[in-house]
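1. Generate a structure from the sequence data that follows.
(4 chains)
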Protein chains: 2
Amino acid sequence: MSTGVRNSWQDVRKYVRGQILNLTYRPGDKLPRDEDIARELNCARSTVHRAMRSLAEDGIIERRRKAGTKVNPDPVTRATLDIPITRIEIESRGYTYRHQLIESRVLKAAPAHLVRPSTTDAIPVCHIRTLHLADERPFVFEDRWVSLQTVPEIRDVDLAEISANEWLVHNRPYSNCDVEIFVDRTTDTEARIMEVLSGTSLLVLERTTWIDAAPITHVRAVHAKGYRLISTDRQARP
Amino acid sequence: MSTGVRNSWQDVRKYVRGQILNLTYRPGDKLPRDEDIARELNCARSTVHRAMRSLAEDGIIERRRKAGTKVNPDPVTRATLDIPITRIEIESRGYTYRHQLIESRVLKAAPAHLVRPSTTDAIPVCHIRTLHLADERPFVFEDRWVSLQTVPEIRDVDLAEISANEWLVHNRPYSNCDVEIFVDRTTDTEARIMEVLSGTSLLVLERTTWIDAAPITHVRAVHAKGYRLISTDRQARP
DNA sequence: GGTATTATTATGTAGGCACATAATCTGAAT
DNA sequence: ATTCAGATTATGTGCCTACATAATAATACC
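-> Now for the predicted structure:
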């Protein structure tokens, strides 16, 4: 367990991770200093640092200057969800994609969704409702508000041709995104559009995106029955 | 826009990110070589590299050797969910936590959940059902299988004292975790335990954890009505 | 014209050095 | 004993060099 030919940072990562997995170090335990690990594995401190930073980013260890490194005493299950453009998601499942613009209307003032506590002014918005279909069956219904202050050009976009979802992703990068996932009883309108019984509970994703403090868009996406969100596993499986 | 005193990698990151946000570079566009950015900002290539790697990890840019760096042409909304120990989650909301062990039983063979395609053998498991309460109201109902091959010690744990959830998190680190999130109609038993009408649809999180190829546990966690999963925003907000 | 081989090149990694930074620890002063 | 100031120290950053690696681009060959 010493002076092996481990020299890549990924090997160092595996080595430390292995010691955590095999309970050599348990949650809350202090790990050796980077320098000591470097000497033990016969590599540079910067290489160990690289490995440790990766483990810290994944929430496996905690690092603090002077205090040193310890195994995270309260590990959380960290799941990463990649939410692609709806068209891509539908097509990658082998279905034929189509979207239907149900409504696109300009409003003088936005509802509370788009407004952060700090912002008090009334923002003009575009209210867009779109149904995404997979093989002609309702897949996702989007109820979206777009800030015309941040994205005035959206007025000129033919949203029947390209969905607001896709246009925004390709034309308005954001700096921040809030996501909430929950179950909600569909409204009568939503139920009709999604072709389910009125009052059926469906999975809802609400997202708000921002450029710094300026809101771009808020969307409530109601997903068809049976939809599953699946986490992307960052670690390669052997 | 040149030779400023930007020299930390986070400044470089902000600089490049700013250019993407202000549409200087749009999705699919090629960015300059690290070396050129370094010269422009008057810093070392390694500093630019550090910044670019961070952007690549966040899915904002794509890097390929020789081909160079480009803005991700198909950005995805990347949401990170931190799923803490249920007790911590309940207590951090200001409720009083209690859990109730409903069943703990040893089975000779696991149901399909715990078995990856490759594994064909029958695995002995412990089947544990636990209700977590917040202020004495049902919060999460866990239906869990634990592999006795990987975690034989769990037989000796007093699961009425410490929940399987908490014990496992503190005693069995995992290398891989699959998470699925969906809406499901509760079974009659689940509905009774969660104190909802039979057939009510609730939010379900299913997780499976592994040490390499060896399964540790699979859990179906049925969440109370009104539960919301909220993403943790990695970027600091100004 | 197509195909295999060989440069070329942008990113990735390893190592080393110096110094910055943030906790912690120590010890002096009250 | 408590508080405050300064020393200590483990991690964090920046810069540099050299080399590895994976793609692409260029070339030679048939």
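
2. between the helix or strand of chain A with the lowest mean pLDDT and strand B:77-83, how many degrees?
-> Least confident helix or strand of chain A, by mean pLDDT, DSSP states H and E, is strand A:77-83 with a mean of 92. Put simply, strand A:77-83 runs at 160 degrees to strand B:77-83, going by axes from the mean of the first three to the mean of the last three CA atoms, to 10 degrees.

3. Now the helix or strand just after strand A:77-83: buried residues?
-> Next in sequence after strand A:77-83, counting helices and strands by DSSP states H and E, comes helix A:86-92. Buried residues in helix A:86-92, counting neighbours by 16 or more other CB atoms under 10 Å in any protein chain shown, are found at A:86-87, A:89-90. (C-beta placed from N, C-alpha, C; glycine too.)

4. Where do the helices of chain A begin and end?
-> Applying DSSP state H to chain A gives helices spanning A:9-21, A:34-41, A:45-57, A:86-92, A:164-171, A:188-194.

5. Now tabulate these in a markdown table and tack on mean pLDDT and distance to DNA strand D.
-> Formatted as a markdown table, those follow (pLDDT from 0 to 100; distance: least, CB to the nearest atom of the strand, whole Å):
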| stretch | mean pLDDT | distance to DNA strand D |
| --- | --- | --- |
| helix A:9-21 | 96 | 11 |
| helix A:34-41 | 96 | 4 |
| helix A:45-57 | 97 | 5 |
| helix A:86-92 | 96 | 21 |
| helix A:164-171 | 96 | 22 |
| helix A:188-194 | 96 | 42 |
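
6. about what we covered before: farthest-apart pair in the buried residues of helix A:86-92, please.
-> A:Arg87 and A:Glu89 (7.3 Å; CB to CB).

7. one step back: I'd like the helices of chain A written out as CSV, with distance to DNA strand C added.
-> Listed next are the helices of chain A as CSV, based on distance: least, CB to the nearest atom of the strand, whole Å:
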stretch, distance to DNA strand C
helix A:9-21, 3
helix A:34-41, 8
helix A:45-57, 3
helix A:86-92, 24
helix A:164-171, 22
helix A:188-194, 42
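
8. between these, which one is nearest to A:Thr232?
-> Using CB to CB, the helices of chain A put helix A:86-92 closest to A:Thr232, at 12.9 Å.

9. Show me what that closest one packs onto, helices and strands only.
-> Here helix A:86-92 touches strand A:97-107, strand A:125-134, strand A:137-147, helix A:164-171, going by 3 or more CB pairs under 8 Å, 6 or more residues apart in numbering or on different chains; DSSP states H and E.

10. show me the contacts for the residue of chain A found nearest DNA strand C.
-> Residue nearest to DNA strand C within chain A (CB to the nearest atom of the strand): A:Ser8, separated by 2.4 Å. Listed by CB atoms under 8 Å, 6 or more residues apart in numbering or on different chains, the contact set of A:Ser8 reads A:Thr47.

11. Could you pull out the buried residues of the least confident helix or strand of chain A?
-> Neighbour-count burial for strand A:77-83 [16+ other CB under 10 Å]: A:77-79, A:81, A:83.

12. Next: stretch A:96-113.
-> Quick answer for stretch A:96-113 (16+ other CB under 10 Å): A:97, A:99, A:104, A:110.

13. Measure how buried the residue lying closest to the third one once chain neighbours are set aside is and give me the count.
-> Pointing back at A:Ser104 there. Leaving aside its chain neighbours, A:Ser104 sits nearest to A:Ile128 (5.0 Å; criterion: CB to CB, 6 or more residues apart in numbering or on different chains). Residues within reach of A:Ile128, counting by other CB atoms under 10 Å in any protein chain shown, total 23.

14. can you list the weak-confidence ranges in chain A?
-> A:1-7, A:111-121, A:234-238 (pLDDT under 70).

15. Show me what from it comes close to DNA strand D.
-> A:31, A:33-35, A:46, A:49, A:52-53, A:56, A:63-66, A:68-69 (CB under 7 Å from any atom of the strand).

16. Who are the contact partners of A:Val196?
-> Contacts of A:Val196 by CB under 8 Å, 6+ apart are A:186, A:202, A:225.

17. Actually, A:Arg26.
-> Per CB under 8 Å, 6+ apart, neighbours of A:Arg26: A:20, A:71, B:170-171.

18. how close does it get to DNA strand D?
-> As judged by CB to the nearest atom of the strand, to the nearest Å, A:Arg26 and DNA strand D stand 17 Å apart.

19. Kindly report the same for A:Ala214.
-> Following CB to the nearest atom of the strand, the distance that separates A:Ala214 from DNA strand D is 27 Å.

20. List the contacts of the closest residue to A:Ala44 other than its chain neighbours.
-> Excluding its sequence neighbours, the residue lying closest to A:Ala44 (CB to CB, 6+ apart) is A:Ala38, at 6.1 Å. The contact partners of A:Ala38, by CB under 8 Å, 6+ apart, come to A:44-45, A:47-48.

21. for stretch A:183-195, the distance to its chain's centre please.
-> 24 Å (CA atoms, centre = their mean, to the nearest Å).

22. Which member of the buried residues of stretch A:96-113 is positioned nearest A:Asn176?
-> When the buried residues of stretch A:96-113 are compared against A:Asn176 (criterion: CB to CB), the nearest one is A:Ala110, at 17.3 Å.

23. Hmm, A:Trp145 and the closest one touching each other?
-> Yes - using CB atoms under 8 Å, A:Ala110 is in contact with A:Trp145, at 5.9 Å.

24. Now for these two: what residues contact both?
-> Going by CB under 8 Å, 6+ apart, residues that sit against A:Ala110 and also against A:Trp145 are A:Val125.

25. Could you check how far the residue of chain A closest to DNA strand C is from B:Arg65?
-> 16 Å (CB to CB, to the nearest Å).

26. Bridged to A:Arg207, which residues?
-> Taking DSSP bridges as the rule, A:Arg207 bridges to A:Val179, A:Val219.

27. Can you name the residues that contact it?
-> A:83, A:177-180, A:217-219, A:221, B:77.

28. Check the gap between it and A:Thr86 for me.
-> In terms of CB to CB, A:Arg207 sits 12 Å off from A:Thr86.

29. Which neighbours do these two have in common?
-> A:Ala221.

30. just the buried members of the residues of chain A next to DNA strand D?
-> By 16+ other CB under 10 Å, the residues of chain A next to DNA strand D give A:31, A:34, A:49, A:52, A:69 as buried.

31. Make sure the last one is actually in contact with A:Arg63.
-> Yes - counting by CB under 8 Å, A:Arg63 is a contact partner of A:Thr69 at 4.9 Å.

32. Quick check: neighbours shared by these two?
-> Joint contacts of A:Thr69 and A:Arg63 (CB under 8 Å, 6+ apart) are A:52, A:56.
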